[in-house]
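Undergrad: Sequence plus predicted model, see below.
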Amino acid sequence: MDALIPRPALELAPGVVHVPGWLGSDEQRELVAACREWARGPVPIRHTRLPRGGVMSVQTVCVGWHWQPYRYSRTADDVNGLPVAPFPDWLVRRGRQAVARAYGASAAAERYTPDTALINFYDGDARMGMHQDKDERSSAPVVSLSIGDTCVFRVGNTETRNRPYQDVELVSGDLLVFGGPSRYIHHGVPKVRTGTADPDCGLGSGRLNITLRETGLG
Ligand SMILES: O=C(O)CCC(=O)C(=O)O
C-alpha cells in the first residue's frame, strides 16, 4: 500500500526541489507519445558522440535547439544537418507550472520560457556521468521530468564532480528543479533500476528524462 502514500516535496539543497509524483499517468503517457514522435525525426534519437571520441550510453533527441557537446544550434550538424523540431507552447506552459510547483507561484515562474528540451532515453546499462549544464547563456532553472524506470540521481555541488553529493531516487512522474544557487551543480545518473517502471506510464521499458532549459540564445 506504500504507493498510495503521497511523498512530500523536498528541498534537497538550496534551489534543488524534488516533487515526487508530479505527473499523473495520463500526463506521462502524453509526454511519452510526444517523445516517440520527436525520436523519429526530423533529427532521430541517437547516441551523442563526444569530442574525444567517446559515445554517450544514453540516447538523446532535442527539441527547440539541438545540443551537441558543448553548444546549441538550430540544426543538428553532428547528426543529419536538419533543423530540430520546434519547441511547443504546451511544453513552455508545463515548464512554468513546474517552476511554480517547485518554488511557488511568482512572476519569475510566469516569465520562465524554456526553449530547448533534451530528451534522454536510458536502456540497458545506460547512465550519465557527473557534469554541469552550463552551455546555456541563461541561468534560469532546469526542469527535469522522469518517466519509466526508477533511477539514482546524484545531486552534487557546484565546485567539483566529486563529494559532497547526495543520491536521490527519481521515480516515474517525479519532477526535479534545480536553479538559483544550485543552477550549476554537478549532477548525474549512476544507476537505473531496470524493470521498475509503472506499466501505466506508457513506456514499455527503460527510462525517459526530459530536461527543459532556457538557452538564452536569440
Ligand atoms: O537523466 C537525468 O535525470 C539527468 C539528465 C541530465 O543530467 C542532462 O540531460 O544533462
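TA: Noted; the coordinates are in hand.

Undergrad: Can you read off the pLDDT for the closest residue to Gly64 other than its chain neighbours?
TA: Among residues not flanking Gly64 along the chain, Phe87 sits closest, at 3.2 Å (C-beta to C-beta, 6 or more residues apart in numbering). Placement of C-beta: from N, CA and C, glycine included. pLDDT recorded at Phe87 is 98.

Undergrad: One more: Ile5?
TA: Looking at Ile5, its pLDDT reads 73.

Undergrad: Repeat that for the one 5 residues further on.
TA: What the model reports for Leu10 is a pLDDT of 97.

Undergrad: Would you map the strands across this protein?
TA: Counting by DSSP state E, the chain has strands at residues 10-13, 16-19, 46-49, 55-63, 66-68, 71-73, 116-122, 128-131, 142-148, 151-155, 166-170, 175-178, 187-192, 207-213.

Undergrad: Tell me the residues of the chain that contact the ligand?
TA: Contact residues (C-beta under 6 Å from any ligand atom) of the chain with the ligand: 118, 120, 128, 133, 144, 153, 187, 189, 209, 211.

Undergrad: switch the cut-off to 5 Å
TA: Counting by C-beta under 5 Å from any ligand atom, the chain comes close to the ligand at 118, 120, 189, 209, 211.

Undergrad: Can you tell me, leaving aside adjacent residues, what's nearest to the first one?
TA: Same thing as Leu118. Spatial nearest neighbour of Leu118, chain neighbours left out: Thr211 (5.0 Å); criterion: C-beta to C-beta, 6+ apart.

Undergrad: Next: the third one.
TA: Across the structure, with C-beta to C-beta, 6+ apart as the measure, the residue nearest Val189 apart from its sequence neighbours is Met128 (4.3 Å).

Undergrad: of all of this protein, which residue lies closest to the ligand?
TA: Asn209 (3.2 Å; C-beta to the nearest ligand atom).

Undergrad: right, and that residue touches Ser146 too?
TA: Yes. Asn209 is in contact with Ser146 according to C-beta atoms under 8 Å; the separation is 5.4 Å.

Undergrad: between those two, what contacts are shared?
TA: Counting by C-beta atoms under 8 Å, 6 or more residues apart in numbering, the shared contacts of Asn209 and Ser146 are Leu170.

Undergrad: Among these two, which residue is more densely surrounded?
TA: Higher neighbour count among Asn209 and Ser146: Ser146, with 29 against 24, using other C-beta atoms under 10 Å.

Undergrad: Ser172 is in contact with that one, correct?
TA: Yes. Under the criterion of C-beta under 8 Å, Ser146 makes contact with Ser172 at 6.4 Å.

Undergrad: any idea what sits nearest Asn209, other than its immediate chain neighbours?
TA: Asn209's closest residue in space is Asn120 (C-beta to C-beta, 6+ apart), at 4.6 Å.
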